[in-house]
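> no sequence for this one, just the structure:
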């Protein structure tokens, strides 16, 4: 299941990527391809071939971003959400081995494991949605069920 939900910052990031690709990167690559084409024989021109490949890649991403931006739905933060885990929340979880996990519930377009961003469609997010601090949740994983305790919920990054 792939949701169409996104945070405001996530939508802005997608829009910035689209703008960069369309207004800056694509014209640069188009210029480089034109210059490489002017050098003559295109069949043995590595710069020309690489430039054309890069243009196709940029065009694919631009098409994807344009279509995606049409269907995504921005989920705004409301003060009433405080104290409960909903879309956009930062969570501090702890398991029985006292391992701490910091994560944020976001849309599929914003997943970034290095930042701790997990998709709202993930088993972890589904288990914590609507829960409060001090609640215990069980997450079904491929290695079996895991129990986590919710220590903190906030709508800004942890310091």
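Structure's in. What do you need? This one's a predicted model, so the numbers in the text were calculated from it and none came from an experiment.

> and the longest helix along the chain, how far out from the chain middle?
Longest helix in the chain by number of residues (criterion: DSSP state H): helix 46-71. Mean-position distance between helix 46-71 and its chain equals 19 Å (CA atoms, centre = their mean, to the nearest Å).

> name the helices or strands packed onto that helix?
Applying 3 or more CB pairs under 8 Å, 6 or more residues apart in numbering; DSSP states H and E, we find helix 46-71 packed against helix 8-20, helix 26-37. C-beta here means a position set from N, CA and C on the backbone, and glycine is covered the same way.

> right, and the helix or strand after that helix?
strand 73-74 (DSSP states H and E).

> given that following strand, what are its sheet partners and their directions?
Looking at strand 73-74 with DSSP bridges, its partner strands are strand 5-6 (parallel).

> got the contact list for the partner strand?
14, 72, 73, 74, 75, 87, 106, 107, 109, 110, 120 (CB atoms under 8 Å, 6 or more residues apart in numbering).

> any idea how far the longest strand seen in the chain is from the chain center?
When the chain is parsed with DSSP state E, its longest strand is strand 144-154. A distance of 22 Å separates the centroid of the chain from that of strand 144-154, by CA atoms, centre = their mean.

> can you add distance to residue 95 and give the contacts of strand 5-6 back as TSV?
Converted to TSV, these look like this (distance: CB to CB, whole Å):
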residue	distance to residue 95
14	33
72	32
73	32
74	32
75	28
87	23
106	22
107	25
109	28
110	24
120	21
